[in-house]
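[1] quick one: sequence and predicted model below, then my questions.
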Amino acid sequence: MMQAYCKLMFAVCLVTLCWYGMMAIHELGHVIGAWATGGTVTRVFLHPLSISRTDVSPNPSPGIVVWLGPVVGSFLPLLSLTMLRRHGSLRSVIQFFAGFCLVANGAYISVGSLGGVGDCGQMLRCGTPIWMMVAFGVLTVPGGLMIWHRLGSVRQFFGAETTVTPRLVYATAIALSLLLLAVFVLFPK
């Protein structure tokens, strides 16, 4: 019973960490795009109760700025996974995060292309064809799912006896608490 509770707590903390981590890296991509093209970042909005965004003004290259969000947001976690050679809990967490970022960014861009939602509206205004946005999702979503598949099934995760240790649960809960505290302090609503 306690092991099942630890696994559930770990899963909730991990998915929440992945969500906020994914948004932060996605916004970092927009910031890099703005700086690289001579734009000025006026505000990065990253709050737990809202969808993140980066405001750039002036924005001399809005197409580059908008595309670097999902590109950096997808491939920076993938790069960190390839650089981490050791196996173990940390690699599994980074592997889950990399898959999460690929799936989230790919789904956001490909599905969002149909309604012009968020970054997708800006991409369409900049002349990006819908097929290119869908292709981004076709490449990233299956890649993320493949990375997750290598971790094993959800049934295996909840069925295995020693997958999640109390130490890992505490570390994940503390990391989430620190992240949320930092976000509330750095990005007040």
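    Looks like it came in fine. The structure presented is a predicted model; accordingly, all values stated were derived computationally and were not measured. Numbers count the residues shown, from 1 in each chain.
[2] can you name every helix or strand that the helix-or-strand element of the chain with minimal mean pLDDT contacts?
    Here the helix or strand of the chain ranked lowest by mean pLDDT, DSSP states H and E is helix 154-159, holding a mean of 71. If you count contacts as 3 or more CB pairs under 8 Å, 6 or more residues apart in numbering; DSSP states H and E, helix 154-159 packs onto helix 2-36. C-beta here means a position set from N, CA and C on the backbone, and glycine is covered the same way.
[3] buried stuff in the helix it packs on?
    Counting neighbours by 16 or more other CB atoms under 10 Å, one finds that the buried residues in helix 2-36 are 6-7, 9-11, 13-14, 16-18, 20-34.
[4] do stretch 134-152 as well
    Neighbour-count burial for stretch 134-152, counted by 16+ other CB under 10 Å, picks out Val134, Phe136, Gly137, Thr140, Val141, Gly143, Gly144, Ile147, Trp148.
[5] what's the helix or strand for the second one?
    Looking back up the chat, that one is Phe136. Here Phe136 sits within helix 130-149, counting by DSSP states H and E.
[6] packing partners for that helix?
    helix 62-83, helix 89-112, helix 119-125.
[7] chain center to that helix: distance?
    Centroid separation between helix 130-149 and its chain, computed with CA atoms, centre = their mean, to the nearest Å, is 14 Å.
[8] can you check stretch 95-112 too?
    Here stretch 95-112 is found 7 Å from its chain centre; the criterion is CA atoms, centre = their mean.
[9] likewise stretch 92-102?
    The answer for stretch 92-102 is 8 Å, by CA atoms, centre = their mean.
[10] please enumerate residues in contact with it?
    Outside of stretch 92-102, the residues within contact range by CB atoms under 8 Å, 6 or more residues apart in numbering are 14-15, 17-19, 21-22, 25-26, 73-74, 76-78, 80-81, 84, 140-141, 143-148, 150-151, 172.
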